[in-house]
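Student: only geometry, no sequence info:
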C-alpha cells in the first residue's frame, strides 16, 4: 500500500476507524471485531484509530482500545509497525457524552488509555473535542506535558477549526502532527482545515469519510456521480469516495470505519484507485 506521513511515521494511505466495533446497537460480537482488525492488518493497514470514549456505555470506558490491543497481540506481524491513534477529552456519563479538556482529566485519561492499550507510550494521542469550559491553551499544554513526560510519542487534535489548529501548532510545535475532523462527500465544510494542515505539514485524518455509521450508502446515493464513476470503473462507490479524498491533498489519510472484514478490505482497495482529472472535476462539481 502507498504511504503518507504522520510526523516522522509513514503509514498506509488508508487507515481503519475502529469505532463501529464499540457502538451500542451496531457493534458486532468480539470475535467478528477481532477478525476485522486482523483482516485490516493483514491487508497492510498500519494506522488504527480508536478512543477511550468508543464504548457501548459509560461503564466500559476503553472498550475499543482493549479490542485493538487484543487484535495486535494475536496478529502474527510486527505490531511495532502499526501506529495506534487514540483520543481523550470526550467523556462518557450515564447521561450520555460530555467533554473535559482539563489538565487533570487528560492526565488520568492518558494513563487509562496506556493501560487499556497495554503500552508504555501511545504512538499518537489526540485531544478529542474542544471543551468550552477550558481554555484551549490549557488543553494544549496538557498534551505538551504528556509528550514531554514520554507518555505519548506524537500529539494530535480533533474537531478543531483553523484558529485552534494554528494555536495548537504554536504551543506544541513539532509535537503536533495531525488533525482529525469530519470530511466526506456529504460533509465538505472541513476544506479550510485541510488547507491549514497542508500549510503546516500536518496530517489530516477525516473521520466518517464514508458518511458515518449506517450512512455510507446514503452519502454516495445523494452524490450520484460517485456511483456512476464506480460503475464505469468496476469498483464500489466507497472506493471512489476514498480515492476522491486522497486526491484532495497529500496530507489526507482517511480512516473509514468497519465492523466486518469485507468492509475494510473493500476500503483498502481505494489505495490503488487513481482518479482522472475529468473524474475529479465531476466529483468536485
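Tutor: Good, I have the coordinates. Keep in mind the model is a prediction, meaning the values are calculated, not measured. Numbers count the residues shown, from 1 in each chain.
Student: Which positions within stretch 153-167 qualify as buried?
Tutor: 153-160, 162, 164-165, 167 (16 or more other C-beta atoms under 10 Å). Glycine gets a C-beta too; all of them are placed from N, C-alpha and C.
Student: ok, now stretch 140-155?
Tutor: 140, 142-144, 146-147, 151-155.
Student: just stretch 93-113 next, same as before
Tutor: 99-102, 105-107, 109-110, 113.
Student: Quick one: mean pLDDT over whatever helix or strand residue 232 lives in.
Tutor: Secondary structure assignment for residue 232, by DSSP states H and E: helix 224-233. Taken as a whole, helix 224-233 carries a mean pLDDT of 95.
Student: Now tell me what touches that helix from outside.
Tutor: Contact with helix 224-233 is made by 185, 220-221, 236-237, 239-241, 244, 273, 275, 279, 282-283, 285, as judged by C-beta atoms under 8 Å, 6 or more residues apart in numbering.
Student: can you check stretch 94-112 too?
Tutor: In contact with stretch 94-112 (C-beta under 8 Å, 6+ apart) are residues 52-53, 58, 61-62, 88-92, 122, 125, 127-134, 136, 138-139, 141-143, 145-146, 151-152.
Student: out of those residues, which are buried?
Tutor: 52-53, 61-62, 88-92, 122, 125, 127-131, 134, 136, 139, 142-143, 146, 151-152.
Student: Can I take it that residue 131 is in a strand?
Tutor: No. The assignment for residue 131 (DSSP: H, G, I helix; E, B strand; the rest coil) gives coil, which keeps it out of a strand.
Student: In space, what's closest to it - neighbours in sequence excluded?
Tutor: Spatial nearest neighbour of residue 131, chain neighbours left out: residue 101 (3.3 Å); criterion: C-beta to C-beta, 6 or more residues apart in numbering.
Student: one step back: just the contacts of helix 224-233: which are in helices?
Tutor: Of the contacts of helix 224-233, the ones assigned to helices by DSSP state H are 220-221, 237, 239-241, 244, 279, 282-283.
Student: Widest-spaced pair of those residues?
Tutor: 221 and 279 (18.3 Å; C-beta to C-beta).
Student: More neighbours: the two, which one.
Tutor: Set side by side, residue 221 and residue 279 show more neighbours around residue 279, with 21 against 14, by other C-beta atoms under 10 Å.
Student: per-residue pLDDT, the more buried one?
Tutor: You'll see residue 279 listed with a pLDDT of 97.
Student: dump the residue contacts of it.
Tutor: residue 229.
Student: Residue 89 versus that one, what's the distance?
Tutor: Noted for residue 279: a distance of 38 Å to residue 89, by C-beta to C-beta, to the nearest Å.
Student: Could you measure from the residue located most distally from the centre of the chain over to residue 165?
Tutor: Here the chain reaches farthest from its C-alpha mean at residue 232, the gap being 29.5 Å by C-alpha atoms, centre = their mean. Counting by C-beta to C-beta, the separation of residue 232 from residue 165 is 37 Å.
Student: Farthest pair within the buried residues of stretch 153-167?
Tutor: It's 153 and 162 that sit farthest apart of the buried residues of stretch 153-167, by C-beta to C-beta, at 25.4 Å.
Student: Which strands and helices lie in contact with whichever strand or helix holds residue 198?
Tutor: Element membership for residue 198, per DSSP H and E: helix 191-200. The contact analysis (3 or more C-beta pairs under 8 Å, 6 or more residues apart in numbering; DSSP states H and E) places helix 191-200 against helix 162-172, strand 176-180, strand 203-204.
Student: Many thanks, have a good one.
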